[in-house]
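*Asks:* Here is a sequence together with a model predicted from it:
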Amino acid sequence: MMGKLSEEMLEAVMETIPLDIIVIDAQDKVVGWNKPKTADNPQNVLGEDVRKCHPQHVLPIVEQMLSQMKSGERDTATFWHPEEDKGMKLIRYYALRAEDGKYLGCLECDEYIDEIQKISGVKMKLD
């Protein structure tokens, strides 16, 4: 990131971005989460292995994705699925890497996209 943000400014940015941001370290532990918009109660997963955050049927996909990110074979992964009473959920994962390419962890970004899917035409003025 170019520039320097104060801790207060960084906190405001993280809480303003209209995404759930989940940070996973290189040992697959959930180490951070902004205020949830798409999840029910993330506090109980902080410090836990990321596998505890996913249902059994998707664990093979999670394992493959993390393995590929750690090896450098993959930098991103995108998934989506409908959630009952909440709409279509878009889930994007990004490998976090040091300048030398060392794997530091994974960033997960979640959002509901029903309103985005309705966009068409051009909008170039304020409401």
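*Replies:* Yes, it's here.
*Asks:* Quick check: buried residues in stretch 45-64?
*Replies:* Within stretch 45-64, the residues scored as buried using 16 or more other Cβ atoms under 10 Å are 45, 50, 53, 62. Where you see a C-beta, it was placed from the backbone N, CA and C, and this is true even at glycine.
*Asks:* Kindly report the same for stretch 105-120.
*Replies:* Neighbour counts over stretch 105-120 (16+ other Cβ under 10 Å) mark 105, 106, 107, 108, 109, 110, 111, 112 as buried.
*Asks:* Quickly list what the fourth one is bridged to.
*Replies:* The residues listed as beta-bridge partners of residue 108 by DSSP bridges are residue 22, residue 93.
*Asks:* quick one: it and residue 78, what's the gap?
*Replies:* The spacing between residue 108 and residue 78, counted by Cβ to Cβ, to the nearest Å, is 11 Å.
*Asks:* overlap in contacts of the two?
*Replies:* Residues touching both residue 108 and residue 78 (Cβ atoms under 8 Å, 6 or more residues apart in numbering) are 91, 92, 93.
*Asks:* wait, the last one sits on residue 68?
*Replies:* By that I understand residue 93. No - the criterion here is Cβ atoms under 8 Å, and residue 93 misses it with residue 68 at 10.4 Å.
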